[in-house]
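# How does the following fold in three dimensions:
(chains A, B, C and D)
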Protein chains: 2
Amino acid sequence: MSPAIEGLAPSAVEPLFVALGDSTRRSIFFSLMEREQSIKELASPLGITLTGLGQHIRVLEAAQLVSSRKVGRERRCAVDPAGLERLEAFARLQRSLWRSRFDALRHIVEGP
Amino acid sequence: MSPAIEGLAPSAVEPLFVALGDSTRRSIFFSLMEREQSIKELASPLGITLTGLGQHIRVLEAAQLVSSRKVGRERRCAVDPAGLERLEAFARLQRSLWRSRFDALRHIVEGP
DNA sequence: TAGAAAGTGAAGTCTGCACTTGACTATCAT
DNA sequence: ATGATAGTCAAGTGCAGACTTCACTTTCTA
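Below is the predicted model:
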């Protein structure tokens, strides 16, 4: 597989869609787009427990949408650009694949 | 909201992530990337009922990832480029938003 | 025109996973 | 040092949603 499509096989974007398939995780992600935040800061407005939020963070990290590090007793969470980059690359690739097939089909139907 | 970002608010991409958040629907979508297919053709390899598959198609259509039309007694399903276009535009927008905020932050920390 | 094939709608089943509880550790403040 | 704050782990609960069944309609074909 060429370097350009590496990491773009369906299996590579699966964690991304799994992560953003949940509305709570989407909220967390969009909230982190605003600014870096701790587990507590993220959990409060959503009305869920710290435990529950920690579980979501792990899923988001697996998709490389979020990265986190411990600072003192807090866990600082921030957007990881890798996930968004992969998502964009995936969408662009699929779109171009579809377009080339569509054009090929039209070519057959309409003639050259 | 400017025309360029219209349809890219979080609420607009929600159906997209909901649709692709399910592994069966991802399979259906990738299968349709290969070629247009009927409900029956899509259901057989997945080992699920026609009813079940029809339900998935509705979700994919709501996300504009798939479009379908009745041809005789068959329903022909195909990829709708609108969904992929929206997905790509969304990812690009979010990525640029994140980058501008990241750069602004670095500017503060490191100085001009 | 009878039977088969493709699909749809309503209603039910069941399982994955979002979320909690309770017990525990680590860090901060006073 | 003592309490308060932030987070983590293991284990359990409940429900949304994926999937089924059954009854029905429409279209094809022999």
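# how much space between residue A:95 and residue B:56?
21 Å (CB to CB, to the nearest Å). (C-beta placed from N, C-alpha, C; glycine too.)
# quick one, which of the two is more surrounded?
Taking other CB atoms under 10 Å in any protein chain shown, residue A:95 and residue B:56 do not tie; residue B:56 has more neighbours (23 against 17).
# Touching, that one and residue B:26? I think so.
No - applying CB atoms under 8 Å, one finds residue B:56 not in contact with residue B:26, separated by 10.2 Å.
# roughly how far apart are residue A:71 and residue A:37?
In terms of CB to CB, residue A:71 sits 12 Å off from residue A:37.
# Name the nearest residue to the residue nearest the centre of chain A, ignoring sequence neighbours.
In chain A, the residue lying closest to the centroid (CA atoms, centre = their mean) is residue A:16, at 4.0 Å. Distances taken as CB to CB, 6 or more residues apart in numbering or on different chains place residue A:63 nearest to residue A:16, at 4.7 Å, with adjacent residues excluded.
# How about residue A:15?
Using CB to CB, 6+ apart, the nearest residue to residue A:15 is residue A:63, at 4.1 Å.
# What mean pLDDT does the helix or strand that contains residue A:68 get?
Here residue A:68 sits within strand A:66-71, counting by DSSP states H and E. Mean pLDDT, computed over strand A:66-71, is 98.
# pull the longest helix from chain A.
helix A:81-110 (DSSP state H).
# Counting by contacts, list what it packs against.
In terms of contacts (3 or more CB pairs under 8 Å, 6 or more residues apart in numbering or on different chains; DSSP states H and E), helix A:81-110 is packed against helix A:10-20, helix B:23-34, helix B:81-110.
# Which residues does stretch A:31-47 contact?
A:24, A:27-28, A:49-50, A:52-54, A:57, A:66, A:74-79, B:94, B:97-98, B:101 (CB atoms under 8 Å, 6 or more residues apart in numbering or on different chains).
# ok, residue A:78 to residue A:42 distance?
Relative to residue A:42, and taking CB to CB, residue A:78 is found at 11 Å.
# Kindly report the same for residue A:32.
For residue A:32, the distance to residue A:42 - CB to CB - is 7 Å.
# again, but for residue A:53
6 Å.
# what touches both of these two?
When contacts are counted by CB under 8 Å, 6+ apart, the set common to residue A:53 and residue A:42 consists of residue A:28.
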